[in-house]
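Colleague: output the structure for:
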Amino acid sequence: MSISIQWYPGHISKAEKNLKEQLKLVDVVLEVRDARIPLASHHPQVKNWIGNKPRILILNRLDMVPESVRQDWLKWFRGQGETVYYTNAKEGQGIRAISKAAQEVGVEINAKRKSRGLLPRPVRAVVIGLPNVGKSAIINRLLNRKVVESARRAGVTRQLRWVRISETLELLDSPGVIPSRLESQEDAVKLAICEDIGDAAYDNQRVAAAFVDLLVKLEYESILKSRYGLDALTMTGEEYIFQLAMTRYKEDRERAALQILNDFRKGIIGAIPLEFPPSDV
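Modeller: Below is the predicted model of the structure:
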């Protein structure tokens, strides 16, 4: 079953342009990705945008990925020369380490300023990432109070705004930005499953069917059988949604699809990663 997913509303296009302008003013970039899909939730233009600026890589929703898989990703990213910071913005886990890493960049910047006879200033950081990966929740945790709106849906943050975290740190909250074209439909489907992309871009039944097929491919089909009482190995994802609708939801396929997607998104069916580190073989 083929799925085409595209979403590029006007406010994202405008935000991307504004963000590129604001990036000239920042000292360090906090890039937030979804821990369930660390590669699919990466914006391919980020490295071009930030150039040589320091970047702190954050994988949010650590609670939705098993510890063993988190460790595998840490090792893989280390092999790529990157340090990863795991967070659970909802509970505040990992936030202190991010703040410390950003402020360490500020120490270096102010040492250089002092050598040029300039006064110290707060380090300017920007939080960037795809819609709904947890950027605003991370900012609220850094500040210890809610200053920016956040919700479990894409497209909540619409404006760029500076937020003073402390005497030593200022943060720029930015709307989620996605590529103008989603080159990999496989990645696009994962983003839709994780709700990291606008819901206007896809059909829930098709995405839920693709999710079932992906769970079978990743050998997580036993979770489906235990939760819904249907064996995914004996049918396609599309057939699975149909059968689930017939047996539990009065033939309402849309309701069946949303149930499966929401059970995953809320962690009800457990911590399930949809990506694993690429093999070097």
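Colleague: tell me the contacts of Gly92?
Modeller: In this structure, Gly92 makes contact with Arg141, judged by C-beta atoms under 8 Å, 6 or more residues apart in numbering. Using the backbone N, CA and C atoms, a C-beta is placed for each residue, glycine as well.
Colleague: correction: the previous question concerned Val46.
Modeller: Contact partners of Val46, counting by C-beta under 8 Å, 6+ apart, are Val29, Glu31, Arg55, Ile128.
Colleague: kindly recompute the last result at 6 Å.
Modeller: Glu31 (C-beta atoms under 6 Å, 6 or more residues apart in numbering).
Colleague: now it: phi and psi?
Modeller: phi -60, psi -50 (degrees, to the nearest 10).
Colleague: mind checking which helix or strand the closest residue to Glu82 other than its chain neighbours is in?
Modeller: In space, not counting the residues next to it along the chain, Glu82 is nearest to Leu57; the distance is 5.6 Å by C-beta to C-beta, 6 or more residues apart in numbering. Using DSSP states H and E, Leu57 sits in strand 55-60.
Colleague: mind exporting the next helix or strand after that strand as CSV, just the C-alpha atoms?
Modeller: Counting by DSSP H and E, the next helix or strand C-terminal to strand 55-60 is helix 67-79. Once non-C-alpha atoms are left out, helix 67-79 reads as follows in CSV (Å, rounded to 0.1, in the frame of the first residue of the first chain):
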residue,chain,number,x,y,z
GLU,A,67,17.3,1.4,28.0
SER,A,68,19.2,-1.2,25.8
VAL,A,69,18.2,0.6,22.6
ARG,A,70,19.1,4.0,24.1
GLN,A,71,22.6,2.7,24.9
ASP,A,72,22.9,1.3,21.3
TRP,A,73,22.1,4.8,20.0
LEU,A,74,24.6,6.5,22.4
LYS,A,75,27.3,4.2,21.1
TRP,A,76,26.3,4.7,17.5
PHE,A,77,26.3,8.5,17.7
ARG,A,78,29.6,8.4,19.6
GLY,A,79,31.0,6.6,16.6
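Colleague: quick one: distance of stretch 38-49 to the chain centre.
Modeller: Between the mean C-alpha point of stretch 38-49 and the mean C-alpha point of its chain there is a distance of 11 Å (C-alpha atoms, centre = their mean, to the nearest Å).
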